[in-house]
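Peer 1: fold the following.
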Amino acid sequence: MIIDSHCHAWARWPYQPPVPDFEQRGVLEQLLFEMDANSVDRALIVCAQIDHNPDNNAYVAERITHYPGRFDLVADVDCAWSETYHQPGAADRLRQAARWPIKGITHYLRPEDDGAWFSSAEGMAFFQAAVDLRLIASISCQPTQLPAIREVARRFPELPILLHHLGHPKASEPPPYPNFQEILACARLPNMFIKLSGFAYATSVDWNFPYADTHWLVRAEYEHFGPQHLCWGSDYPVVRRFMTYRQSLEAFRTHCDFIPDADKAWILGQTLDTLLRAARAV
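Peer 2: Okay, the predicted model is just below:
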């Protein structure tokens, strides 16, 4: 069993430079093709209502009904690009998003955000609503924002928190690795998880497959978190900037050969399957 913990689908391609297949490159069926070609059983689609796609939650919710059992939906709620980012009423907007068959919510932080919102009454109500609905929280943040997120994890131990893209470390960070230490500190909290995705964001050379310079980061996260708190993710279709879908899988499965096969089975699917089974029934 392989479950992709981090991918996207869009009706309209959101990134620059412009592409010739603007209305095809990001569609869900492109993702499904890659999953079938690489024997990936399911995927967690992280919605992102970015450029040209203000309706991404609705688009993904409708498309996945055509492929039962293959996809789970994580809704974009008040992400960094939203006009409602950290505005009053976040908990109500989260509950409104639950009209779709969601398993979780995603929240992207602005890089300059100091994390204070997380401990505010609004932030606490937001995550309480996620707990009440038995949702997974998929969070994109910088390592400097992790102290605030760890406090949420402590306040809401029932809430699984999945950090995007290795937690956004940099392989080039010099000792004593203060940012990476913030990521590793999350391993002390049993409801915090890491997505082994986005290797190209951590590397010093983004085209350098299989990103061997990131392996010390992966090894440290494996040793600290253990396989039952790690999930592989492709970051498709954004990953096409750096490598193919197959390469995004093999960058972990083949080239992280310091992880035993039994533990890779957890990271490739069993960890996320366990979380999805415990999450909201849809």
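Peer 1: pretty sure L230 is touching K264, no?
Peer 2: No. Contact status for L230 versus K264: not in contact, 9.7 Å apart, counting by CB atoms under 8 Å. Using the backbone N, CA and C atoms, a C-beta is placed for each residue, glycine as well.
Peer 1: when these two are compared, which one has more neighbours?
Peer 2: L230 (27 against 20; other CB atoms under 10 Å).
Peer 1: find the nearest non-adjacent residue to R42, please.
Peer 2: Spatially, and ignoring its direct neighbours in sequence, R42 is nearest to I3 (4.6 Å; CB to CB, 6 or more residues apart in numbering).
Peer 1: can you get me a residue count around the one you found?
Peer 2: I3 has 22 nearby residues by other CB under 10 Å.
Peer 1: wouldn't it be in contact with M35 here?
Peer 2: No. Counting by CB under 8 Å, I3 stays clear of M35, with 9.9 Å between them.
Peer 1: joint contacts of these two?
Peer 2: Jointly contacting I3 and M35 under the rule CB atoms under 8 Å, 6 or more residues apart in numbering are D41, A43.
Peer 1: so P210, which state does it fall into?
Peer 2: Under DSSP: H, G, I helix; E, B strand; the rest coil, P210 falls in the coil class.
Peer 1: what is the neighbour count of A37?
Peer 2: A37, neighbours per other CB under 10 Å, totals 11.
Peer 1: and for V46?
Peer 2: V46: 28 neighbours (other CB under 10 Å).
Peer 1: for Q87, same thing?
Peer 2: Neighbour count of Q87, defined by other CB under 10 Å: 12.
Peer 1: list the contacts for the nearest residue to it once chain neighbours are set aside?
Peer 2: Leaving aside its sequence neighbours, Q87 sits nearest to D78 (CB to CB, 6+ apart; 7.4 Å). Residues near D78 by CB under 8 Å, 6+ apart: T84, Y85, H86, Q87, A90, R93, L94, H107, F126.
Peer 1: which of the helices or strands spans the last one?
Peer 2: Right, the one you point to is F126. helix 121-132 (DSSP states H and E).
Peer 1: now do the helix or strand that that helix is followed by against helix 121-132, angle only.
Peer 2: Downstream of helix 121-132, the next assigned helix or strand under DSSP H and E is strand 136-140. Computed by axes from the mean of the first three to the mean of the last three CA atoms, to 10 degrees, the angle separating strand 136-140 from helix 121-132 equals 140 degrees.
Peer 1: what is strand 136-140 packed up against?
Peer 2: Under the contact criterion of 3 or more CB pairs under 8 Å, 6 or more residues apart in numbering; DSSP states H and E, strand 136-140 touches strand 102-108, strand 161-163.
Peer 1: run through who's touching that strand.
Peer 2: With CB under 8 Å, 6+ apart as the criterion, strand 136-140 contacts 6, 44, 46, 74, 103-109, 127, 130, 149, 159-165, 168, 275-276, 279.
Peer 1: which among those count as buried?
Peer 2: Those of these that meet the buried threshold are 6, 44, 46, 74, 103-109, 127, 130, 149, 159-165, 168, 275-276, 279, by 16 or more other CB atoms under 10 Å.
Peer 1: which residue ranges of the chain form strands?
Peer 2: Under the criterion DSSP state E, the chain contains strands at 3-7, 42-46, 71-76, 102-108, 136-140, 161-163, 192-196, 230-232.
Peer 1: make CSV out of the ones you listed and add distance to E223.
Peer 2: Shown next, in CSV, are these (distance: least, CB to CB, whole Å):
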stretch, distance to E223
strand 3-7, 20
strand 42-46, 25
strand 71-76, 27
strand 102-108, 27
strand 136-140, 22
strand 161-163, 17
strand 192-196, 12
strand 230-232, 11
